[in-house]
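Asker: Quick one: sequence plus predicted model below, questions after.
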Amino acid sequence: MPQTLSKEYFETKRKETLSRRLNNPMVQEDSLAGKILRNGLIGQRAILEEQLRKGIPLVMADEKGRLFQENPDGTFEYIEPAEQEETSCGKSLN
């Protein structure tokens, strides 16, 4: 399992996901639901661009759901999951 992934990997995955979402027939519909979905995708892109502008490190997930945080050199480093403590009834405190 790689501990770092390139920025290109996540950029490609993000573009594929956005393209797939935008090509969804429901998004293309000229209905209220279609407009809401399109506006949501536009909003997601605006939030991402604002984070980039402010220099906030990106956190992205790969296809297996593992989280990676962006390093200053443009690579993404795997974030180890935090240990979860359990209470006496077995529920997580986190």
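Answerer: In hand now; what should we look at? Not measured: the values here are computed from a predicted model.
Asker: How far off centre is stretch 40-57?
Answerer: Computed by Cα atoms, centre = their mean, to the nearest Å, the separation of stretch 40-57 from the middle of its chain amounts to 11 Å.
Asker: which residues touch Glu70?
Answerer: Lys7, Pro57, Leu58, Val59, Met60, Phe76 (Cβ atoms under 8 Å, 6 or more residues apart in numbering). All C-beta spots, glycine's among them, are computed from the backbone N, C-alpha and C.
Asker: And these, which is closest to Pro25?
Answerer: Minimum distance to Pro25 across those is 27.0 Å, recorded for Met60 (Cβ to Cβ).
Asker: Who's the closest spatial neighbour of that closest one, skipping the chain neighbours?
Answerer: Of all residues not flanking Met60 in the chain, Phe10 sits nearest, at 4.5 Å (Cβ to Cβ, 6 or more residues apart in numbering).
Asker: just to revisit the earlier point, can you lay out the contacts of Glu70 as TSV showing neighbour count and pLDDT?
Answerer: Below are those laid out as TSV (neighbours: other Cβ atoms under 10 Å; pLDDT from 0 to 100):
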residue	neighbour count	pLDDT
Lys7	15	76
Pro57	12	73
Leu58	14	74
Val59	12	77
Met60	17	76
Phe76	23	80
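Asker: Quick check: the farthest pair among the residues you listed?
Answerer: Maximum pairwise distance among the contacts of Glu70 (Cβ to Cβ): 13.0 Å, between Lys7 and Val59.
Asker: if we can go back for a sec, what number of residues lie near the residue nearest to Met60?
Answerer: 18 (other Cβ atoms under 10 Å).
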